[in-house]
Structures are given as C-alpha cells and as structure tokens.
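Q: Quick one, what's the 3D model for this:
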Amino acid sequence: MPVSPSVYALTLLVVILTAGLLAFLAAVVAGLLARWDGASLPGALLRAGTTFGATLTVFCSVIALGVATWK
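A: Below is the predicted model of the structure:
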C-alpha cells in the first residue's frame with residue numbers, strides 16, 4: 001500500500017527534528033562532562049560543538065539511508 005506524500009513529509013520532518021534534538025542533547029552532555037573534567041569554557045564549547053557535528057552527521061547519514069530505501 002503506497003504512503004501518501006503528506007505522511008511521508010510529516011514522518012521525515014519528525015525524524016529530522018528528533019535527530020537535531022538528540023544531537024543537541026549529546027552536545028550538552030559532552031560540554032558539561034568536559035567542563036566537569038576541568039576544561040576551560042572555550043575548550044568545553046569546542047568539545048560540545050565537535051560532538052554536535054559528529055552526532056548530526058551520523059544521524060543525517062542514517063536518515064539518508066532510510067530515505068533511499070523507503071518504499
């Protein structure tokens with residue numbers, strides 16, 4: 001049974017927003033852990049940004065794989 005375009009778009013939007021939220025939460029946790037470990041504020045922000053970018057990259061590749069294989 002084919003999926004209507006509106007359901008497909010809504011599902012994709014929810015998945016993208018969830019990926020962004022999870023990447024943000026991972027960045028916050030990484031920044032707090034770095035700060036707790038004694039890193040300076042710029043160092044903790046750098047670690048949080050790196051974590052955000054890496055997590056979002058992984059999620060985007062998984063989303064792209066899911067979109068490519070969706071039937």
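
Q: Could you use CA atoms for every contact and neighbour count after this?
A: Fine.

Q: How is residue 38 assigned, secondary-structure-wise?
A: coil (DSSP: H, G, I helix; E, B strand; the rest coil).

Q: Next, count neighbours for residue 60.
A: 16 (other C-alpha atoms under 10 Å).

Q: what's the spacing between it and residue 34?
A: 25 Å (C-alpha to C-alpha, to the nearest Å).

Q: same question, residue 63
A: Applying C-alpha to C-alpha to residue 63 and residue 34 gives a distance of 29 Å.

Q: more neighbours, the two?
A: Neighbour tally, residue 63 and residue 34, criterion other C-alpha under 10 Å: the higher count belongs to residue 34, 19 against 16.

Q: so who does that one touch?
A: By C-alpha atoms under 8 Å, 6 or more residues apart in numbering, residue 34 lies in contact with 43-44, 47.

Q: which SSE is it in?
A: Using DSSP states H and E, residue 34 sits within helix 5-36.

Q: quick check: mean pLDDT across that helix?
A: For helix 5-36, mean pLDDT rounds to 94.

Q: tell me which residues in it are buried?
A: For helix 5-36, burial by neighbour count (16 or more other C-alpha atoms under 10 Å) applies to 16, 19-20, 22-28, 30-32, 34-35.

Q: That helix: how far from the chain's middle?
A: 4 Å (C-alpha atoms, centre = their mean, to the nearest Å).

Q: Check the contact between residue 55 and residue 23; I expect there is one.
A: Yes: using C-alpha atoms under 8 Å, residue 55 makes contact with residue 23 at a distance of 5.4 Å.

Q: What is the burial count for residue 49?
A: 19.

Q: ok so, going back, what inclination does the next helix or strand after the helix holding residue 34 have with respect to helix 5-36?
A: Later in the chain than helix 5-36, the nearest helix or strand by DSSP H and E is helix 41-69. Per axes from the mean of the first three to the mean of the last three C-alpha atoms, to 10 degrees, the angle that helix 41-69 makes with helix 5-36 is 160 degrees.

Q: Averaged pLDDT, helix 41-69. What do you get?
A: 95.
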